[in-house]
Structures are given as C-alpha cells and as structure tokens.
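Asker: Build me a model:
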Amino acid sequence: MINIQTLSLSDLLPPSIRKDPAMAAAAAALDIQLQETTAMIAGLNIFSRSAEWTDAETDELAWQFKPPYYDPALPVEQKRLLIQNAIPFHRHKGTASAVEDLIAILFGQGAVEEWWQYGGDPYHFRVVTNNADVTAARAQEFIAAVDAVKRLSAVLDSVTISQAEPLPLYMGGFLHFGEHIQI
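Answerer: Residues are numbered from 1 along each chain as shown. Here you go, the predicted structure:
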C-alpha cells in the first residue's frame, strides 16, 4: 500500500522517463507541494484533534453541528463531548438512551425509568441520577437538557437523586442448645 504522506512523484514515474533530468527535477519540485498539501489535509479532520479546540472554536462548531443541548457557559471539556456526539444524538433523539447519554455528559451517571417500569401514567418517565447538584444549583439546566432530547410526547414526571453510602452494619446472633429444667 502506498503511504501518501511519504510518497514521492519520482516513484510514480514510468521507467522510460524516470532517468530524464527534466522529469526528475519536475517531480522533485512537486514533491514539496505534495508534502505541504498532505500536511494540510491532516488538519481537516476536526474530530481527531478535538482536544485542541479552543472555547471559541467549540462555540462555532456547536453552531454548525447543533448538539441537542448546548450552553456556552459549560466547561470546555463538556462542550467538546457534546459536539463530538452531536450526530449520534440526532440519530437516536427521542429514545431513553439519548436522554441517558446526555445526562452522562452533563451531570454524571443517570438512568431513565419508563412509565411501565414504575407504574406511572402512559408516556411518562422519570430520571434517576446520582448527582446531588441537580436539586438546586442546576435543576433548570437539567430539565432543559432532558427536554432537548426526549420525545415530544413524553412527560418527565420526576428526577430522583440516588446516593449510595457505605453503611457499616453489624449483626449478631446466638443459638443455645441445652436442657430445660422446670422446678
């Protein structure tokens, strides 16, 4: 396989003109332009260099790719993840997994429980998350993010914050076998 990054035009010339000094000089002159163009092509793949995006670049890319929820005040790492996942979000928008993926990017871990899983009304759902910040500081942001990817016919019933803490629990017991004497 030919690697275009290390390709020389003199390697592609037919043997009949490869030894011609004018052709060899022309191929060598074009090699420089070919190398520069190849280097510029590598920069066109914006997703491969997402770790290098500045804050202004992420805002421009968000305008272009239109992720389902985007806030310019978010940390740049979260904005990068939203833009990288914009196309997959648009592909499965309206599903429970889209809601879960967006919650995972913005708020940490979260799960969607459909109405039939907890006995709610049809077309309703609730979200269970482990992020305690959802209650006060970012509640409106959380609801807006969920509304951006949920089905329009679905209704968010509640947001449940689940927190697991280690609880040292000790149990003891005894068993006594013996005679019972009554006087």
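
Asker: got the buried residues for the top helix by length along the chain?
Answerer: Among the segments of the chain that qualify as a helix by DSSP state H, the longest is helix 21-42. Of all the residues in helix 21-42, those buried under the rule 16 or more other C-beta atoms under 10 Å are 23, 27. (Glycine included, C-beta is placed from N, CA and C.)

Asker: pLDDT (mean, whole number) over stretch 31-42?
Answerer: Per-residue pLDDT values over stretch 31-42 give a mean of 85.

Asker: what's the spacing between it and its chain's center?
Answerer: Centre-to-centre, stretch 31-42 and its host chain are 32 Å apart (C-alpha atoms, centre = their mean, to the nearest Å).

Asker: what does that stretch contact?
Answerer: 4-5, 7-10 (C-beta atoms under 8 Å, 6 or more residues apart in numbering).

Asker: and which of those residues is nearest Gln163?
Answerer: Comparing the contacts of stretch 31-42 against Gln163 with C-beta to C-beta places Gln5 closest, at 51.5 Å.

Asker: How about the secondary structure of that closest one?
Answerer: coil (DSSP: H, G, I helix; E, B strand; the rest coil).

Asker: tell me the secondary structure for Asp157?
Answerer: When the rule is three-state DSSP, Asp157 gets the label strand.

Asker: Okay, it and Phe65: tell me how far apart.
Answerer: Distance, Asp157 to Phe65, by C-beta to C-beta, to the nearest Å: 31 Å.

Asker: Then Phe174?
Answerer: Phe174 is 67 Å from Phe65, by C-beta to C-beta.

Asker: Correct me if wrong: Asp101 contacts Ala86.
Answerer: No. Look at Asp101 against Ala86 with C-beta atoms under 8 Å: they stay out of range, at 11.4 Å.

Asker: Spit out the contact partners of His92.
Answerer: Ala98.

Asker: Can you give me the pLDDT of it?
Answerer: 93.

Asker: Please apply the same query to Ala137.
Answerer: Taking Ala137 on its own, its pLDDT is 64.

Asker: Spatially, and excluding backbone neighbours, which residue is closest to Val159.
Answerer: Val127 (5.0 Å; C-beta to C-beta, 6 or more residues apart in numbering).

Asker: Could you confirm the one you found falls within a strand?
Answerer: Yes. Checked against three-state DSSP, Val127 lies within a strand.

Asker: Could you give the bridge partners of the closest residue to Glu114 other than its chain neighbours?
Answerer: Distance criterion C-beta to C-beta, 6+ apart; nearest residue to Glu114, sequence neighbours excluded, is Phe125 at 5.3 Å. Beta-bridge pairing for Phe125 (DSSP bridges): Glu114, Leu156.
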